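Engineer: After the sequence you'll find the predicted model.
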Amino acid sequence: MAMTQERAIGSPVLRKEDPELLTGQATFIDNMTLPGMAWMAMVRPPFVHAKIDSIETSDAASMPGVIGVYTAADLEGEWGGPLPFVWPITEDIKVPVHWPLTKDKIRFNGDAVAVVVAETRAQAKDAAEAVTVKATRLPAVTDMEEAMKDEVVIHEDLGTNVVVHWSHGGAGDQGVFDTAPVIVKERYHQPRLIPNAIEPRGCLAMSIPAQGEFTLWSATQIPHVVKVTLSGTCNIAESKLRIIAPDVGGGFGSKLNVYAEEALSLVLARRTGRPIKWIEERTENYVATTHGRGVTHDVTVAATEEGKILGFKVEELADMGAYFQLLTPGIPELGGWVYMGPYDTQSYWFEFRGIVTNATPTDAYRGAGRPEATYVLERAVDALARRLAKDPAELRRLNLHAPFSEATAFSSGLSVDSGNYEPALDRALELADYHQFRKEQQARRESGDVKQIGIGLSTYIEMCGLAPSQILGALRYAAGGWDGATIECLPTGKVIVKTGTSPHGQGHVTSWAQIVSDGLGVPVDDIEVLHGDTAITPLGMDTYGSRSVAVGGVALHFAMEKIKAKARTIAAHELEVSEDDVEWADGAFRVKGAPDKAKTIPEIAFSAWHAHALPGGVEPHLNGTAVYDPPNFTWPAGTHICVSEVDTETGAVEILNYVAVDDCGVVINPQIVEGQIHGGVAQGIAEALYEEALYDEGGNLITSSMTQYLVPSAMEIPSMTLDRTETPSTTNPLGVKGIGEAGTIAAPPAVINSVIDALSHLGVTEVGKPATPERVWRAIQRAKGGAA
């Protein structure tokens, strides 16, 4: 009798990656050393906006161990072009040219004017401090609305700081935003955030001059994108450039980029003939690595007296920083497609203006546009509930889109793959003990308790699997959205998986092994997953936007289908039956009606390797490669509820209960999914209560280290109650959707809504992010009529 194979997909398999990470056996950039290696240090002078008068390098060049000091002029002939920018979202966009070293002006606090190469890291740092930069200070502007006045123009060749204006174009009756029975208008500001990956950026470049070959190890999320773009920037044939992302300690979007240091390490390896290494320090990270958010929204909600939402109209100002990085103006556009949320609305309007300022460039930060949109929507829905004196949960229920299992057009114009939103809301309300907390809230209000309770909801939808190449092309994105996978079945029964995704904490090695285990009937422990090396996995578009399982994981499925088609032919030949008489069941090809007559994939792989008796026309070896380009995005959704306690005397906020019910389609590994939600919610809580990048009037970053920029520890993050609903995606055969950004998308409005809800009976209707004790206290005083 055939044995039933235990299913790997859906099982909480322990992460295969963890033993080497937990025992110090992982390989990060900072662990790496090459023979003859030299160190690189950047010269970032203490100016924000200044015209460079002179750069004196002679003292630095004469210091012990210094190999060379290079300015933009010294490296003029090395470049094939400026640093890459791949998303010119409109025809008339004004693009600030961004060179690895600035030539004429310093435009933000982290702008580098020179680079030092020395024998040791300490020598390079000491010499960098000895470079003297004389410059004429210019007025700086970091406030977007001030920058829009163009009294200080940051890029004279552009003539303005307003560099892009993008509009969705609208849908439905736009008149409702003026004529609806109920109109709510709100303004929300979301401050800049600093990503703070646990491993700062780093790179190590090596050249082999005789062959003209280069290898760059980089702590990046996107080795394949780095290869294509830096081959142009650095004048290196793409075929001669290899990019390796070893173990990478987090990214959160900050490593979804191509940076000046990567380009400089390559050209300096070529210039000096030696391997060049650079490791970012944390204070450097705060000014030189991209920031996230930094947006202001004006939102109008049109609704009926009964609470039926007719439409959302959103106008956004987005801080681009001093330059565009890889995707900068595309981030607000990504959010521009989800300002309807999971709600059944008819009218839609979104537009944004991108403003350059004298601040660190912004780009993707976990969620990339979707958290910004969800925050605006969910804050506005609560504001509508207050206006109508309705329960915010029931107002949401009234407006949720009806369930659907086939792709359905929403008011933003995109088709959502599948959705069933009310069960997640119901389950979250149940787990949060919503009605009991409402009773306790009322009791505390009646007793005048100093500590008041608030309940905040966030019902979200997100656009994931950034993928369909045709849609990306229509949106003027330079790259595609496909991804690739190769699977090799070895004669010893083991399987090698080569994936184009590039994990940095997501658990792909485990999840991909589970997918292949189920597909090929091979134990998870017999599957090795290779990633992050463009020489080993040349087909890839990397990891960002919760796309990995929905694109890269599905590519595995199609690679397995190719393998199984060939394996079926071999199995039928060896079992001496027709292919029509063979079926895949319980991890093997079995003869219909005689399931004990079977061939497993390892057995077939051995036959395909020795090739002694293959059927005619069948090539030796058992492998398959697939490149998958999805027909649509995937659309996870869910409901998060935060119950917080606010001290009305001090403004202190404590989270009492946090519930997250998410729907990410079919779950590959529930333990990994829960870990992703835990981490995402932690970052969302941090955004809501602690984190904010602040600049002084001169454009200097005040929150320049962790002593000023508050990153919560485990002590500040509450325990969470998690659950899931499951609505399989109709976009792909695995039914998966994505989960990596859900917590960061849903948590900030849930937390802020809970704080406002705790104080709404006092007249508080607005508390900005982050809801620090001082900010909350001042909101209470303003509501009381004080001068806070």
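Structural biologist: Cool, got the structure. Numbers count the residues shown, from 1 in each chain.

Engineer: for the stretch 351-500 of the chain, what spans make up the helices?
Structural biologist: Under the criterion DSSP state H, counting those that start in this stretch, the stretch 351-500 of the chain carries helices at the ranges 370-388, 392-399, 422-431, 434-447, 469-474.

Engineer: Distance to His49 added to those helices, as TSV?
Structural biologist: Just so you know, the C-beta spots here come from the backbone N, C-alpha and C atoms, and that holds for glycine as well. Formatted as TSV, the helices of the stretch 351-500 of the chain follow (distance: least, Cβ to Cβ, whole Å):
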stretch	distance to His49
helix 370-388	27
helix 392-399	44
helix 422-431	47
helix 434-447	49
helix 469-474	35
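
Engineer: Could you say which of the ones you listed is packed most deeply?
Structural biologist: Counting by mean count of other Cβ atoms under 10 Å, helix 370-388 has the highest mean neighbour count of the helices of the stretch 351-500 of the chain, with a mean of 25.

Engineer: among the helices of the stretch 351-500 of the chain, which is nearest Ala611?
Structural biologist: Ala611 sits nearest to helix 469-474 of all these, at 37.2 Å, using Cβ to Cβ.

Engineer: right, so of the helices of the stretch 351-500 of the chain, which gets closest to Val258?
Structural biologist: Proximity to Val258 (Cβ to Cβ) singles out helix 469-474 among those, at 17.7 Å.

Engineer: Show me what the closest one is packed up against.
Structural biologist: Helices and strands touching helix 469-474, by 3 or more Cβ pairs under 8 Å, 6 or more residues apart in numbering; DSSP states H and E: there are none.

Engineer: which residues touch that helix?
Structural biologist: The contact list for helix 469-474, computed with Cβ atoms under 8 Å, 6 or more residues apart in numbering, reads 466, 479-482, 629, 633.

Engineer: got it, and stretch 143-161?
Structural biologist: By Cβ under 8 Å, 6+ apart, stretch 143-161 touches 49, 94, 96-97, 107, 138-141, 162, 294, 296, 317-319, 322, 353, 355-358.

Engineer: got a list of what the residue nearest to Asp662 when sequence neighbours are not counted touches?
Structural biologist: Setting aside the residues directly before and after it, Asp662 is nearest to Gly638 in space (Cβ to Cβ, 6 or more residues apart in numbering), at 3.7 Å. Gly638 is in contact with 424, 428, 459-460, 660-663, 725, 742, 746, counting by Cβ under 8 Å, 6+ apart.

Engineer: Next: Ala245.
Structural biologist: Residues near Ala245 by Cβ under 8 Å, 6+ apart: 217-221, 223, 502, 504, 531-533.

Engineer: so where is the protein shaky, pLDDT-wise?
Structural biologist: Within the chain, the stretches with pLDDT under 70 are 1-5, 786-788.

Engineer: one step back: just the ones in strands from the contacts of helix 469-474, please.
Structural biologist: If you go by DSSP state E, these have nothing in strands.

Engineer: Out of those residues, grab the one that's most surrounded.
Structural biologist: When neighbours are taken as other Cβ atoms under 10 Å, the top entry among the contacts of helix 469-474 is Phe633 (28 neighbours).

Engineer: Hmm, that one is touching Glu462, no?
Structural biologist: No: with contact defined as Cβ atoms under 8 Å, Phe633 does not count as touching Glu462 (9.3 Å).

Engineer: returning to that earlier point: bridged to the residue nearest to Asp662, which residues?
Structural biologist: With DSSP bridges as the criterion, Gly638 is bridged to Tyr460, Asp662.

Engineer: So which residues of the stretch 51-200 of the chain form strands?
Structural biologist: Along the stretch 51-200 of the chain, counting by DSSP state E, counting those that start in this stretch, strands occupy 66-71, 105-106, 114-118, 132-137, 162-167, 182-193.

Engineer: Let me have these in a markdown table, extended by mean neighbour count.
Structural biologist: Shown next, in a markdown table, are the strands of the stretch 51-200 of the chain (neighbours: other Cβ atoms under 10 Å):
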| stretch | mean neighbour count |
| --- | --- |
| strand 66-71 | 22 |
| strand 105-106 | 22 |
| strand 114-118 | 27 |
| strand 132-137 | 14 |
| strand 162-167 | 19 |
| strand 182-193 | 18 |
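
Engineer: and these as CSV, adding distance to Asp581?
Structural biologist: Converted to CSV, these look like this (distance: least, Cβ to Cβ, whole Å):
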stretch, distance to Asp581
strand 66-71, 70
strand 105-106, 74
strand 114-118, 68
strand 132-137, 78
strand 162-167, 58
strand 182-193, 60
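
Engineer: can you tell me which of these comes nearest to Asp518?
Structural biologist: strand 182-193 (38.3 Å).

Engineer: May I see the buried residues of the next helix or strand after that closest one?
Structural biologist: Per DSSP states H and E, strand 182-193 leads on to strand 202-208 as the next helix or strand towards the C-terminus. Buried residues in strand 202-208, counting neighbours by 16 or more other Cβ atoms under 10 Å, are found at 202-207.

Engineer: Can you tell me which of the residues you listed is closest to Val248?
Structural biologist: The closest of the buried residues of strand 202-208 to Val248 turns out to be Gly202 (Cβ to Cβ; 9.6 Å).

Engineer: Give me the spatial nearest neighbour of the closest one, chain neighbours excluded.
Structural biologist: Once flanking residues are discounted, Gly202 sits nearest to Ile29: 3.6 Å by Cβ to Cβ, 6+ apart.

Engineer: gap between the one you found and Leu490?
Structural biologist: 31 Å (Cβ to Cβ, to the nearest Å).

Engineer: got it, and Tyr323?
Structural biologist: Separation of Tyr323 from Leu490 (Cβ to Cβ): 47 Å.

Engineer: how about the residue nearest to Gly202, what does it touch?
Structural biologist: 199, 202-204, 217-219, 246, 277, 279.

Engineer: ok, so of the residues you listed, who is nearest Asp449?
Structural biologist: Each of the contacts of Ile29 was scored against Asp449 by Cβ to Cβ, and Glu199 proved nearest at 44.6 Å.

Engineer: Would you mind putting the CA coordinates of stretch 546-555 into PDB?
Structural biologist: Output in PDB follows, covering the C-alpha atoms of stretch 546-555 (Å, rounded to 0.1, in the frame of the first residue of the first chain):
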ATOM      1  CA  SER A 546       6.200  41.300  -0.300                       C
ATOM      2  CA  ARG A 547       6.800  39.800  -3.800                       C
ATOM      3  CA  SER A 548       9.100  36.900  -3.000                       C
ATOM      4  CA  VAL A 549       6.600  34.000  -2.500                       C
ATOM      5  CA  ALA A 550       4.000  35.400  -4.900                       C
ATOM      6  CA  VAL A 551       6.600  35.700  -7.700                       C
ATOM      7  CA  GLY A 552       9.800  33.800  -6.800                       C
ATOM      8  CA  GLY A 553       7.900  31.100  -4.900                       C
ATOM      9  CA  VAL A 554       5.500  30.600  -7.800                       C
ATOM     10  CA  ALA A 555       8.500  30.400 -10.300                       C
END
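
Engineer: Asn623 - that's part of a strand, no?
Structural biologist: Yes: counting by DSSP: H, G, I helix; E, B strand; the rest coil, Asn623 is found in a strand.

Engineer: Could you break the chain into its assigned domains?
Structural biologist: Using automatic domain parsing, the domain ranges for the chain come out as 18-23+482-628, 37-138+198-250+255-288, 292-466+632-784.

Engineer: Export those domains as a markdown table, with columns for distance to Pro181.
Structural biologist: Listed next are the domains of the chain as a markdown table, based on distance: least, Cβ to Cβ, whole Å:
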| stretch | distance to Pro181 |
| --- | --- |
| domain 18-23+482-628 | 38 |
| domain 37-138+198-250+255-288 | 36 |
| domain 292-466+632-784 | 5 |
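
Engineer: Could you say which of the ones you listed is packed most deeply?
Structural biologist: The highest mean neighbour count among the domains of the chain, using mean count of other Cβ under 10 Å, belongs to domain 292-466+632-784: a mean of 22.
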